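> Next one to model:
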Amino acid sequence: MKRFRDILFLADRDDGITAGLERAVELAGTNEARLTVMDVVPEVALSGYIKRIHDIDLNAQLQHQRLRSLELLTRPFTDRGIPVYTTVARGKPFIEVIRAIKRNAHDLVIKVAEHDPGQGMSLLGSTDLHLLRKCPCPVWIDRPGDKSAYRKILAAVDPFDDNSGNLQHLILDLATSLAGREQASLDVIHAWELPGESMLTQGRARMPRSELELLRQATESRHRQALDELLQPYGLGTEDNNIHLIKGKAAEKINGLAKRHNIDLVVMGTLGRAGTSGLFIGNTAENVLGKTHTAVMTVKPDGFITPVQ
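This next block holds a predicted model:
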């Protein structure tokens, strides 16, 4: 299935991106898609005096030098007759990337993560986080040095998400398509919680243990039924060994399952309401990206409007 038509690879670091670029090239070939390799250099503010004395356009020089380095990076592919386009913009990386997406109708962004979770660095302010929140097309974030082939894919869904249109089907469509292309196994996870459970186990609102257990069972049954209905068009169900209905916080359970099953790629949605723009704080996808060592692909709901102009 040819799912992507125009792929953008963001080469915003000098190390650990070879496997990610190889994946982008392979994906573009499989989908007969156009591939563009892009980077963004910062705008350097020069005083008028320096400009007059040295008669140079430092910004243009930096842009040209980075373009040359991208041409060298992609030469192993272009020398084999694989068409790869290169471009360098100036400004804030996430803003220029999203502007390029809007201008050129790119339908997938691939990049290598800025930080490894083991480094204990926050996503706050990173290009990864900005793209996760504001990019209108799917974003595939690889880990540095990741292998080029993925053998285990995990789709994270929430059948009770009423605010995102057909997002859950988009996640499953994408995950099943990638699993078929990569000849990979596919697991599906849905994590559920009992609202207000902590209050029901203590204090004045405390519920007898037997009643609380019945409430848990009823809640799990509703989630199981909703998940079965979501999975039915894909020939899957909660009785299958690769379908995981787990009680607990979503990010924690997704990360735990990904680690136990050696998952290579997690496909999931990002929080948002169709037809609205915005910032998404405390998003499950952000918590997964910040803590997992696997690659993550995030999908926006149809009708999402980026706040970037």
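> Run a quick neighbour tally on residue 237.
A count of nearby residues for residue 237, using other C-beta atoms under 10 Å, gives 13. Placement of C-beta: from N, CA and C, glycine included.
> Go ahead and confirm it touches residue 228.
Yes - with contact defined as C-beta atoms under 8 Å, residue 237 counts as touching residue 228 (5.4 Å).
> any weak-confidence spans in the stretch 201-309 of the chain?
Per-residue confidence of the stretch 201-309 of the chain (counting by pLDDT under 70) places the weak regions at 201, 203-205, 271-282.
> so where do the helices sit in it?
For the stretch 201-309 of the chain, the helices identified by DSSP state H, counting those that start in this stretch occupy 209-231, 250-260, 284-291, in order along the chain.
> so can I have TSV of those helices showing distance to residue 169 and mean neighbour count?
Formatted as TSV, the entries for these read as follows, by distance: least, C-beta to C-beta, whole Å; neighbours: other C-beta atoms under 10 Å:
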stretch	distance to residue 169	mean neighbour count
helix 209-231	8	14
helix 250-260	18	19
helix 284-291	17	21
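> Output those in a markdown table; the columns should cover distance to residue 69.
Supplementary listing: the helices of the stretch 201-309 of the chain in a markdown table, determined by distance: least, C-beta to C-beta, whole Å:
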| stretch | distance to residue 69 |
| --- | --- |
| helix 209-231 | 45 |
| helix 250-260 | 34 |
| helix 284-291 | 27 |
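> mind checking which of these is nearest residue 65?
Of all the helices of the stretch 201-309 of the chain, helix 284-291 sits nearest to residue 65, with 30.8 Å by C-beta to C-beta.
> Does anything pack onto that closest one? Which helices or strands?
helix 127-134, helix 250-260, strand 265-269, strand 295-299 (3 or more C-beta pairs under 8 Å, 6 or more residues apart in numbering; DSSP states H and E).
> and that helix, how far from the chain's centre?
The chain centroid and the centroid of helix 284-291 are separated by 10 Å, computed with C-alpha atoms, centre = their mean, to the nearest Å.
> CA atoms only for that helix - export them in PDB, please.
Written as PDB, here are the backbone C-alpha positions of helix 284-291 (Å, rounded to 0.1, in the frame of the first residue of the first chain):
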ATOM      1  CA  THR A 284       0.600  10.500  26.700                       C
ATOM      2  CA  ALA A 285       2.700  10.700  23.500                       C
ATOM      3  CA  GLU A 286       5.000  13.200  25.000                       C
ATOM      4  CA  ASN A 287       5.500  11.000  28.100                       C
ATOM      5  CA  VAL A 288       6.200   8.000  26.000                       C
ATOM      6  CA  LEU A 289       8.700   9.800  23.800                       C
ATOM      7  CA  GLY A 290      10.500  11.200  26.800                       C
ATOM      8  CA  LYS A 291      11.000   7.800  28.500                       C
END
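> Taking their axis directions, that helix and helix 250-260 sit at what angle?
Here helix 284-291 runs at an angle of 40 degrees relative to helix 250-260 (axes from the mean of the first three to the mean of the last three C-alpha atoms, to 10 degrees).
> Neighbours of residue 15, how many?
8.
> Also residue 19?
Other residues within reach of residue 19, judged by other C-beta under 10 Å, total 17.
> Wait, a strand at it?
No - counting by DSSP: H, G, I helix; E, B strand; the rest coil, residue 19 is located in no strand; its state is helix.
> Let me see the confidence value for the residue lying closest to residue 17 once chain neighbours are set aside.
Residue nearest to residue 17 in three dimensions, not counting chain neighbours: residue 112, with 4.7 Å by C-beta to C-beta, 6 or more residues apart in numbering. Each residue has a pLDDT score; the one for residue 112 is 92.
> what's the neighbour count on residue 112?
Look at residue 112: counted by other C-beta under 10 Å, it has 26 neighbours.
> Go ahead and confirm it touches residue 16.
Yes - the pair residue 112 / residue 16 is scored as a contact, 5.7 Å apart, by C-beta under 8 Å.
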